[in-house]
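# Give me coordinates for this.
(2 chains)
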Amino acid sequence: MRHKTAIWLLLPVLLSLALGPVARSQTQQARGPAALWQEPERAVRIGIASDVPLSLIAKDLSKTSIEVLGAVMVIDLNCGLEVRNDSARFLRGVAVGVVTDEHAPGGKASVAIPSLNVPPDGTTQFDIVLKLVRPFPPNSSHAVNLDLDGALFTNLTFRGPDQFDSRRKLLVWELEAERDRRYFKSLLAVGGPEQLEKAMRASVQRQRQRPRLQATLEQQLRKLLTPTLPSAETARRLQLSQHDLRGSPIEIVSGSAFVAGTRVSSPEMRVKNRSQKPVRYYELGWLVRDGEGTNYAAGLMPAPKGQSRLAPGAEASARSERQFVFGRAGADSFVISGMSGYVRNVEFEDGTVWIPPRSELDVSPFENAAAVSVEEERLSRLFGSRGVSALITELATF
Amino acid sequence: MSAFFIGHPKEIHLALFAGGELGPVARWRIERHLQNCESCQTAVSDFFHLQGDLTELSKLPSSVDWDGMALRIREAVAQADQVRTEPTPGFFSNPLVLRFGLATATALCGFIVIQQRPLGETPQSAITAQNQPIKALGGARLAEQAKAPEFNDGLSSSQAPVGLADRDLKATNEAISKREENFAAPQENAQFGNVQNKQKDLVVATGQSLPGDEARAFAPPAPEKKSDSESFRVASDLRANAGNRRGAGRETNLEAKEVSIANAPARAIAPAAPAAPAIQGAALGEADAAPLALLDQVRRRADGPALEMERAVADKTAVSADEITLAEARSETAVVGQTSRQKIQAGQEGGALGMPAALTPTSGALTSVALTSIAPPSRAGQDVDVDVNMDGGLRYRTVDAATGRITITDVYAP
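The predicted model follows:
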């Protein structure tokens, strides 16, 4: 009897030992592909096209995290990259395309690092920090694709696939950088360090005092049930005034937008190519003026997709069907009393790019409303942290 | 009350209607109901305003095409043959616990059988007799499981017979195996080779960050991560503040509806183990609920930096007066896609060479602001400037105060 009881008690132990590995394997299987997709090393692909003279030295995805929420992946991308300049020229800028799903909102972005100065065989490190979403499971082998979209070198040489319009953007920033470095070098040559320091202080002050405007894109969700506007806010069409910058190959012929209170919808600008060269692309700036006459940068208006080519003398319209709400931080009300537009940059068919001369941007309304160039901001920060002597040394390296 | 509903539509449907997330038929039905139902009109109005509040408070990107996202999610759910439940790791998922529990249960059964055996009856007959009711009970439970209601709480009325479910499960599992074979490395294929008997479910995966092997020294330190509960508490405070600005009655509504929306996806997703055909039938409901789940999750994540900013505002020694004002304004409005600069940096007024604090690179004791879920998130010592692109995209200019490196990120509209 005792012997049989002992067998009955021993049997479960033996059974559990036998079934244990099965239970463990079931648990592992249950994690399944979702767990695999959450490994950044597997989910993120980093690629450099063969024609780009840069090589990937190191990557760091340890701070990247991926979550699967039902049928959606939320990717907190924090990727550190170190690349080596394998060309014989100085590296001036790098752009990386980030794609999770081209058709998902927030699934496509590009990250550019302008104002670099990396010598041949030198290395540089930069981070790509983005939050992205995409449907789950991905229909490709990687959840996130990071591809070097291009690199700009001295003499404005660009190499790369240029899927994200990186060439034009890097070129604009580099031209602005050259323009501003020339300006500060001329100040140094004419007035010495004192003049340079004075100009830098003015630049810092300008950046600090630049009035900011909150421009919010109207949500589609809200638009569905937006109540009828009160009669006091009935939309009126407001004409845009034009700032004709000297030397601009594009002229803003006319412009308008519907304004209802602080809401602005359907902005439109009509432009004309007054140069002798065909234009491939142009980008317009948009300023908004409040009741007190203060101008604010409201955003940028790109040329319409697929219709940006302009023959000499031709006209075209750039418009947006979106609706924006403007406001000012800390202010209860904001009254739009006027709007204006200007040409930020133009790319010709031959690949050359036009940017406004600095003298045109140092006058009203741009000097207070428009943001300074990337290079000027970088130099002013350098000046702020290390002083004018460090700035002079930095300018001498270019 | 109307001819299209017995009683009132469910709250989740009203919320989805307010967000424009319902399909045309469901939308039409609710519209007809709303014509005669004042209480539902009020509920929809509250939901609609809540959407706006959430939008502002959660710093979601204004360029998100929710309709497009819903469509994509529907497509993804329609392919739900590859998606299954990952059981939440818990006490009973531990193999040791399972093993011990099984052993204990079996031992108890054996003990009961031995102790209750009548005199003169053979052990074998006793065991057989004891097992009869157990078998009957097991059969009844199986029958109940076969008739179990859909996981979607009535959103779908389709109930597949067991045989059909099994057949579809088999086909679905084969599809999963193929997908996994394509995805997994050869050494992992063996790990996922025996998935044929797994039930299909929606994945409710817990996010986990897997440390990489190549941690490098050059990467700057990540900002202090706030717990979800902590962030959520601050988010609630922010919402409460927002409610106070609109009036006390509004606050109550805001909080109440917030709970409803937050719970809605959980109700839809939490019930376990629907068969594959049931998933297909309930795809619409799941797809509608998923954006809300994402909304809630993303809002909690985005509130982390808001918490840091709140602390910074509280600690007024860390920032200048201008920056406190800006930070407070940011806390209140949290508007996405603004051209104003989120310049929340540490440093005293008049830094090196008398420079204003906002432009003085510092050690980064304070942070910049995370703008959206689809944007460069905040990191210590960063300065972010945003440009609205009239075609719906956003351009961020981010400056790392420590290195002075400027990064420009374009996020494109779909």
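# Mind giving me the packing neighbours of the helix or strand that contains residue A:264?
For residue A:264, the host element (DSSP states H and E) is strand A:263-273. Other helices and strands packing on strand A:263-273, by 3 or more Cβ pairs under 8 Å, 6 or more residues apart in numbering or on different chains; DSSP states H and E, are strand A:250-260, strand A:279-290, strand A:295-302, strand A:315-319, strand A:323-327, strand A:336-348. Placement of C-beta: from N, CA and C, glycine included.
# Quick one: check the helix or strand containing residue A:93 for contact with chain B.
Residue A:93 is part of strand A:91-99 when elements are defined by DSSP H and E. No. Strand A:91-99 is not in contact with chain B by Cβ under 8 Å from any Cβ of the partner chain; minimum separation 8.7 Å.
# quick one: pLDDT of residue A:121?
Residue A:121 is assigned a predicted lDDT (pLDDT) of 95.
# Can you list phi and psi of it for me?
phi 70, psi 0 (degrees, to the nearest 10).
# just checking, it touches residue A:86?
Yes. Between residue A:121 and residue A:86 there is a contact under Cβ atoms under 8 Å: 7.4 Å.
# hang on, the earlier thing: the strand holding residue A:93 packs against which elements?
Packed against strand A:91-99 by the contact rule (3+ Cβ pairs under 8 Å, 6+ apart) you find strand A:72-85, strand A:108-113, strand A:123-135, strand A:144-153, helix A:166-209.
# okay, these in TSV with mean neighbour count and distance to residue B:66 next?
Formatted as TSV, these follow (neighbours: other Cβ atoms under 10 Å in any protein chain shown; distance: least, Cβ to Cβ, whole Å):
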stretch	mean neighbour count	distance to residue B:66
strand A:72-85	23	12
strand A:108-113	25	17
strand A:123-135	23	12
strand A:144-153	24	22
helix A:166-209	18	29
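# Which of those comes out lowest on mean pLDDT?
When I compare these, strand A:123-135 is least confident, with a mean of 86.
# returning to what we had before: which one of the helices and strands packed on strand A:263-273 lies closest to chain B?
Proximity to chain B, assessed across those by Cβ to the nearest Cβ, is greatest for strand A:295-302 (3.6 Å).
# Output the contacting helices and strands for the closest one.
Here strand A:295-302 touches strand A:263-273, strand A:279-290, strand A:323-327, strand A:336-348, helix A:366-369, strand B:382-388, going by 3+ Cβ pairs under 8 Å, 6+ apart.
# so which of the ones you listed is the most packed in?
Greatest average neighbour count among the helices and strands packed on strand A:295-302 goes to strand B:382-388 (a mean of 25), per mean count of other Cβ atoms under 10 Å in any protein chain shown.
# taking the mean pLDDT, what do you get for the helix or strand following that one?
Scanning forward in sequence from strand B:382-388 by DSSP H and E, the next helix or strand is strand B:394-400. Across strand B:394-400, pLDDT averages out at 83.
# and strand B:394-400, is it in reach of chain A?
Yes. Using Cβ under 8 Å from any Cβ, strand B:394-400 reaches chain A at B:395, B:397, B:398, B:399, B:400.
# Which one (most neighbours) among those residues?
residue B:399 (25 neighbours; other Cβ atoms under 10 Å in any protein chain shown).
# picking up where we left off before, turn the helices and strands packed on strand A:263-273 into CSV, columns for mean pLDDT.
Listed next are the helices and strands packed on strand A:263-273 as CSV, based on pLDDT from 0 to 100:
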stretch, mean pLDDT
strand A:250-260, 90
strand A:279-290, 90
strand A:295-302, 86
strand A:315-319, 87
strand A:323-327, 80
strand A:336-348, 91
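# Could you dump the ones you listed into CSV and include distance to residue B:405?
Shown next, in CSV, are the helices and strands packed on strand A:263-273 (distance: least, Cβ to Cβ, whole Å):
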stretch, distance to residue B:405
strand A:250-260, 32
strand A:279-290, 24
strand A:295-302, 23
strand A:315-319, 32
strand A:323-327, 31
strand A:336-348, 23
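# Now residue A:327. Nearest residue, chain neighbours left out?
Excluding the flanking residues, the one nearest residue A:327 by Cβ to Cβ, 6 or more residues apart in numbering or on different chains is residue A:214, at 4.5 Å.
# before we move on, what about residue B:75?
For residue B:75, ignoring the flanking residues on the chain, the nearest one in space by Cβ to Cβ, 6+ apart is residue A:135 at 7.0 Å.
# For residue A:145, see how far away that neighbour is.
Here the criterion is Cβ to Cβ, to the nearest Å. By it, residue A:135 lies 15 Å from residue A:145.
# before we move on, what about residue A:353?
Going from residue A:353 to residue A:145 by Cβ to Cβ gives 28 Å.
# what do you get for residue A:237?
43 Å.
# All set now, cheers.
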